[in-house]
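**Q** how does the following fold in three dimensions:
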Amino acid sequence: MSSQGDHKPGSVGKGAAVGEHEKPEPVMADGLLVMPGTLRQWEEIKSFQARPDDTFIATYPKSGMVWSTQLMEIIQLQGDVQAYKVNKQKLSFLEISIPDDEPAVEKINNLPSPRVIYIHAPISHIPKSILENKCKVICVLRNPKDVAVSYYHFHTFSNMLPNPGTWSEFLQNFMIGKVTYGSWFDHVKGWWSLRKQPNIFFLFYEAMKKDLGYEAGRLASFLGRDLSPEAMKNLVEQLSFNSMKTNMDGKFPNIGSVTGFTFKQFIRKGQVGDWKNHFTVAQNEVMDQLIPDQLKGTSLDFCYEL
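**A** Alright, predicted model coming up:
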């Protein structure tokens, strides 16, 4: 566990130091902190009409959204890794509008079915049509200590997020939910409350790290797919952390031009337990008191090291 004092974030955007790049400030939308581009289309997001054959991937930021996206794509391709490698992707993110680009909701409305759509919002702020139409939702959950560390680093290099301040300042804001997309605790508790609905499926980041093949098999069953042992072996090899870090920029070729970061930055370490390199003893003690208090009565239990 880290014994270091507080520290400032490193680079921001395209190599600029903190303070040298204009960083946006989050704003409130119905009590949820969002980025200005999200607020500008908030009414369209709230009234978004999901289709019954839509599939949503719901995650709190930095919880495994990109990883689960790639997992789902290979499963839908029946394990055809070669087809996966040549397929370029554009993330259909409901709540994120890229500057100078077509509004996200409008872009998603124009997509053919079946659509795969990504959301970070808690269930209190998602379009009602998602649950009313019983759309498939894949929820990916990750332990809050590693999420806090990864989210902090993401703030340091993304042009789309505010300056995080010091690690101590960011962690304090994270623990009280004063960060973009709000409280991690509210997010996981809200989605977990729907766990008995057959159209809602849960993946845990730590379980994927421990045995990706097993978790891929569970997801394939949920999606109505059956992969051969050879296809599953290829899937696991393709979605190892090192392979993803090497290949993601090719999968999303346009991401860096508008966000200020590459996927090699975005996919930083992918470890379970990296929080021990950042949390002081005192910070960990506070978090260890907060987690069971906030998750009391939920049956949620997270793994913090492998």
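
**Q** all contacts plus neighbour counts: C-alpha atoms, from now on.
**A** Fine.

**Q** contacting residues for the closest residue in space to Phe204 that isn't next to it in sequence?
**A** Nearest non-adjacent residue to Phe204, counting by C-alpha to C-alpha, 6 or more residues apart in numbering: Leu141, 4.9 Å away. Residues near Leu141 by C-alpha atoms under 8 Å, 6 or more residues apart in numbering: Thr59, Tyr60, Ser63, Gly64, Val188, Phe202, Leu203, Phe204, Tyr205.

**Q** which residues of the stretch 201-306 of the chain fall in helices?
**A** Assigned by DSSP state H, counting those that start in this stretch, the helices in the stretch 201-306 of the chain fall at 205-210, 212-222, 229-238, 241-251, 255-259, 263-266, 281-295.

**Q** out of those, the one nearest Ile45 is which?
**A** Nearest to Ile45, of all the helices of the stretch 201-306 of the chain, is helix 255-259, at 21.2 Å by C-alpha to C-alpha.

**Q** what's the mean pLDDT across the closest one?
**A** Rounded to a whole number, the mean pLDDT of helix 255-259 is 49.

**Q** how much space between Pro24 and Ser158?
**A** With distances taken as C-alpha to C-alpha, to the nearest Å, Pro24 is found 10 Å from Ser158.

**Q** between the two, who's got more neighbours?
**A** Neighbour totals were compared for Pro24 and Ser158, and Ser158 leads with 23 against 14 (other C-alpha atoms under 10 Å).

**Q** nearest to Ile108, of the helices of the stretch 201-306 of the chain?
**A** When the helices of the stretch 201-306 of the chain are compared by C-alpha to C-alpha, helix 255-259 sits nearest Ile108, at 17.4 Å.

**Q** about what we covered before: between the helices of the stretch 201-306 of the chain, which gets the lowest average pLDDT?
**A** For those, where the average pLDDT is lowest is helix 255-259, sitting at a mean of 49.

**Q** mind listing the strands for the protein?
**A** Here the chain has its strands, by DSSP state E, at 11-12, 16-17, 27-29, 32-34, 55-59, 116-119, 136-141, 200-204.

**Q** and the ones you listed, which one is worst for confidence?
**A** Least confidently modelled of these is strand 11-12, at a mean of 32 by mean pLDDT.

**Q** how far away is Glu305 from Arg218?
**A** For Glu305, the distance to Arg218 - C-alpha to C-alpha - is 22 Å.

**Q** if you count what's nearby, which of these two comes out ahead?
**A** The neighbour comparison of Glu305 against Arg218 (other C-alpha under 10 Å) goes to Arg218, with 16 against 13.

**Q** what residues are up against the more buried one?
**A** Residues counted as contacts of Arg218 (C-alpha under 8 Å, 6+ apart): none.

**Q** distance check, it against Ile75.
**A** Using C-alpha to C-alpha, we find Arg218 at a distance of 11 Å from Ile75.

**Q** swap in Glu95?
**A** Distance from Glu95 to Ile75, by C-alpha to C-alpha: 25 Å.

**Q** for Ser124, same thing?
**A** Counting by C-alpha to C-alpha, the gap from Ser124 to Ile75 is 30 Å.

**Q** go on, Gln172?
**A** Where Ile75 is concerned, Gln172 sits at a distance of 39 Å (C-alpha to C-alpha).

**Q** ok, the two, which is more surrounded?
**A** Comparing Gln172 with Ile75 by neighbour count (other C-alpha under 10 Å), the higher total belongs to Ile75, at 25 against 16.
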